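Chemist: starting from these lines, generate the structure:
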Amino acid sequence: MNIRRYKHWGWGYEDQQPAPEQLRQTAALAAEHLGIEVGEIEAPVALEQVALASVRVRPPDALAEICADDAHARASHALGKSYSDVVNGFRGRFEHPPDFVAAPRDEHDVERVLEWCTAQRVAAIPFGGGTSVVGGVTADVPSSYNGVVAIDLRALDRVLEVDAVSRSARIQGGASGPVLEAQLGEHGLTLRHFPQSFEYSTLGGWIATRAAGHFATVWTHIEDFVESARAITPVGVWQSRRLPGSGAGVSPDRMLAGSEGTLGVITEAWVRVQPRPEHRRSVGVLFSEFYAGAQCVRALAQSGLSPANCRLIDAREAAMTMAGDGSRALLVLGFESTDHPVDESLARALAICAEHGGEAPEAARAGSASSGGASGDAAGAGDAVGSWREAFLGAPYVRDALVAMGVLAETFETAITWERFESFHARVKQSAEQAVREACGDGGRVTARFTHVYSDGPAVYFTVIAPARRGEEVEQWAQIKAAVSDAILAEGGTITHHHAVGRDHRPWYDRQRPQPFAAALAGAKAAVDPRGVMNPGVLIDPGVAAAGSR
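Modeler: Residues are numbered from 1 along each chain as shown. Prediction:
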């Protein structure tokens, strides 16, 4: 029996790698469309040619049946999906593979693995879909550990209970987006959480990284969906009481949210669900320039209309995604409801857009009510919206192809309050453009869009496209990343809005967080993970946690 396997180096499955001729055709189109010179198409290093570091520790006999240490298991769990990860995997560089992968079948297996890791001082890295773009699952731990185990949770993928009265469901942490949505769909329900990584990422991973979904306002962060959570820690079970809300001290659920595998393995959660929306409308609104669109988005965010989608895309990015001709910024605006038509809300939103100079072509205004897909865009909502939606969902696959073509393609994201937005955007973009010129020469570009909006500010998401130097791509991006991260903190933004901290953001996260909080976090980790085996190096240094336990 042939089992479909994930790529060992990039996004998706092994059988999704385009054929060389397809890549050549794509390269020609990309060169014309992006205006970037594309190099010769390269092929990824085959798994058979990858030389992995020797295994330092092997699973005990009692765990052998749920563990694997073959080359594919180790390589496919060695990296996340950042640009640097994809480049390193493409070139066969797996510097820190786990010694083996454990695939627990239930919570008891998780407990057994953590008990062994604690006794042997082997680092344990929870692994869901492996879609981290910030080094959150990279097995790069200090040499003081005797080894590293990746704990793959994807066998814990069931919707265990559904409470139709309270509209909530108990779901295992290893359930990916499509898997849990299919099971909820049998009950006519949806979680309505659709991050770009939806196809592969998991509920436990969403909670651990405080993931944000596709929808731009109201419930978009996963912690807002969590009713209660359960995790296995090295010292016991972390289980919160299931409640609609509670003021009983620091929230145990909120403490797990964003813990990134440092406190324990999230095995299940009760989450708030809802019927599938029956009423949807989407439009594309054009603005003469980006800041005019931003003023409109602020008005929409403060209007109380709460659009499901409110993503402002600058003119250059709209052109790159085939959603515009590069002359105007595009606002992707959408509404949905499980209860009532949304025409009046859309009409009022379009009136606000018009007050700020926004134009909605007639084709977009005619967007029809629909049950739609995961993105929340209605069928027939206009070519611009449809083109942007396709580009959004396909971006991770496209980036794999760009790596083969010698094109640097990566993103960084942040958030800022409205009164600082214009100067913040200008200065961070200027810093990024200068860093791109210094690292890559001329020909690069930096674009921006809003991914989420709040009454007090937007989440700004930047995209970098530039020529890459073969073999130096990781160093090029590191130079750019350092410059833009410094600029973001200098201008008062956050180092991350929804991509988490991982290992890549640690230097800037350490500067952003209050020092008393860092000490409190060290104390909490020492209490539940006294030997510091849970994902060491993410959020907090292993030595700090160990010091707190003495």
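Chemist: residue 423: what's it in contact with?
Modeler: residue 491 (C-beta atoms under 8 Å, 6 or more residues apart in numbering). C-betas here are computed from N, CA, C, even on glycine.
Chemist: for it, give me phi and psi.
Modeler: The phi and psi values for residue 423, taken as degrees, to the nearest 10, are phi -70, psi -40.
Chemist: and it, how far is that from residue 429?
Modeler: Counting by C-beta to C-beta, to the nearest Å, the separation of residue 423 from residue 429 is 11 Å.
Chemist: now swap in residue 18 and tell me
Modeler: 32 Å.
Chemist: of the two, who's got more company?
Modeler: More neighbours surround residue 429 than the other of residue 18 and residue 429, with 18 against 15 (other C-beta atoms under 10 Å).
Chemist: now that one: which helix or strand?
Modeler: helix 418-440 (DSSP states H and E).
Chemist: now swap in residue 458 and tell me
Modeler: strand 457-467.
Chemist: who are the packing partners of that strand?
Modeler: Applying 3 or more C-beta pairs under 8 Å, 6 or more residues apart in numbering; DSSP states H and E, one finds that strand 457-467 makes contact with helix 290-301, helix 315-320, strand 407-415, helix 418-440, strand 445-454, helix 473-490.
Chemist: what strands line up against the third one, and which way round?
Modeler: When sheet partners are counted by DSSP bridges, strand 407-415 sits next to strand 457-467 (antiparallel).
Chemist: now the partner strand: how far from the chain's centre is it?
Modeler: 14 Å (C-alpha atoms, centre = their mean, to the nearest Å).
Chemist: tilt between that strand and helix 473-490?
Modeler: Orientation of strand 457-467 against helix 473-490 (axes from the mean of the first three to the mean of the last three C-alpha atoms, to 10 degrees) gives an angle of 150 degrees.
Chemist: can you point out the buried residues in strand 457-467?
Modeler: Across strand 457-467, burial judged by 16 or more other C-beta atoms under 10 Å covers 457, 458, 459, 460, 461, 462, 463, 464, 465, 466, 467.
Chemist: tell me where the stretch 151-300 of the chain has strands.
Modeler: 159-163, 168-172, 189-190, 226-233, 236-239, 265-272, 274-275, 279-287 (DSSP state E, counting those that start in this stretch).
Chemist: now the stretch 1-150 of the chain
Modeler: 67-68, 100-102, 123-127, 148-152.
Chemist: pLDDT below threshold where in the stretch 401-550 of the chain?
Modeler: Scanning the stretch 401-550 of the chain for pLDDT under 70 picks out 543-550.
Chemist: tabulate the strands of the stretch 151-300 of the chain (JSON lines), appending distance to residue 79.
Modeler: Shown next, in JSON lines, are the strands of the stretch 151-300 of the chain (distance: least, C-beta to C-beta, whole Å):
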{"stretch": "strand 159-163", "distance to residue 79": "30"}
{"stretch": "strand 168-172", "distance to residue 79": "25"}
{"stretch": "strand 189-190", "distance to residue 79": "31"}
{"stretch": "strand 226-233", "distance to residue 79": "24"}
{"stretch": "strand 236-239", "distance to residue 79": "28"}
{"stretch": "strand 265-272", "distance to residue 79": "20"}
{"stretch": "strand 274-275", "distance to residue 79": "35"}
{"stretch": "strand 279-287", "distance to residue 79": "35"}
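Chemist: got a markdown table for these, with mean neighbour count, mean pLDDT and distance to residue 354 too?
Modeler: Shown next, in a markdown table, are the strands of the stretch 151-300 of the chain (neighbours: other C-beta atoms under 10 Å; pLDDT from 0 to 100; distance: least, C-beta to C-beta, whole Å):
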| stretch | mean neighbour count | mean pLDDT | distance to residue 354 |
| --- | --- | --- | --- |
| strand 159-163 | 16 | 98 | 43 |
| strand 168-172 | 23 | 98 | 40 |
| strand 189-190 | 19 | 96 | 32 |
| strand 226-233 | 23 | 98 | 39 |
| strand 236-239 | 14 | 98 | 51 |
| strand 265-272 | 25 | 98 | 35 |
| strand 274-275 | 16 | 96 | 31 |
| strand 279-287 | 26 | 94 | 9 |
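Chemist: surely residue 225 touches residue 219?
Modeler: Yes - here residue 225 lies in contact with residue 219, judged by C-beta atoms under 8 Å, at a distance of 6.4 Å.
Chemist: more crowded one of those two?
Modeler: In this view residue 225 and residue 219 are compared by other C-beta under 10 Å, and residue 225 has more residues nearby, 22 against 17.
Chemist: got the contact list for that one?
Modeler: 191, 193, 219, 271, 272.
Chemist: all helices of the stretch 1-150 of the chain, in order?
Modeler: Along the stretch 1-150 of the chain, the segments classed as helices by DSSP state H, counting those that start in this stretch run 20-34, 71-76, 83-90, 107-120.
Chemist: which one of those lies closest to residue 507?
Modeler: helix 83-90 (15.1 Å; C-beta to C-beta).
Chemist: angle of that closest one against helix 473-490?
Modeler: 170 degrees.
Chemist: for helix 83-90, which helices and strands make contact with it?
Modeler: helix 383-405, strand 407-415, helix 473-490.
Chemist: 6 Å instead?
Modeler: helix 383-405, helix 473-490 (3 or more C-beta pairs under 6 Å, 6 or more residues apart in numbering; DSSP states H and E).
Chemist: dump those helices to a markdown table, plus distance to residue 354 and mean neighbour count.
Modeler: Shown next, in a markdown table, are the helices and strands packed on helix 83-90 (distance: least, C-beta to C-beta, whole Å; neighbours: other C-beta atoms under 10 Å):
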| stretch | distance to residue 354 | mean neighbour count |
| --- | --- | --- |
| helix 383-405 | 17 | 20 |
| helix 473-490 | 33 | 19 |
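Chemist: between those, which gets nearest to residue 160?
Modeler: Per C-beta to C-beta, nearest to residue 160 of these: helix 383-405, 28.7 Å.
Chemist: quick check: phi and psi on residue 357?
Modeler: Per-residue torsions, residue 357: phi 90, psi 10 (degrees, to the nearest 10).
Chemist: that one and residue 292 touch, don't they?
Modeler: Yes - if you go by C-beta atoms under 6 Å, residue 357 and residue 292 touch, sitting 5.4 Å apart.
Chemist: show me the shaky parts of the stretch 251-400 of the chain.
Modeler: 362-394.
Chemist: repeat that for 80
Modeler: Within the stretch 251-400 of the chain, the stretches with pLDDT under 80 are 322, 361-396.
Chemist: tell me the spacing between residue 279 and residue 342.
Modeler: 5 Å.
Chemist: ok, back up a step: for the helices and strands packed on strand 457-467, give me a markdown table that also has distance to residue 326.
Modeler: Compiled in a markdown table, the helices and strands packed on strand 457-467 are given as follows (distance: least, C-beta to C-beta, whole Å):
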| stretch | distance to residue 326 |
| --- | --- |
| helix 290-301 | 12 |
| helix 315-320 | 4 |
| strand 407-415 | 18 |
| helix 418-440 | 16 |
| strand 445-454 | 10 |
| helix 473-490 | 23 |
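Chemist: of these, which is nearest residue 206?
Modeler: strand 445-454 (14.8 Å).
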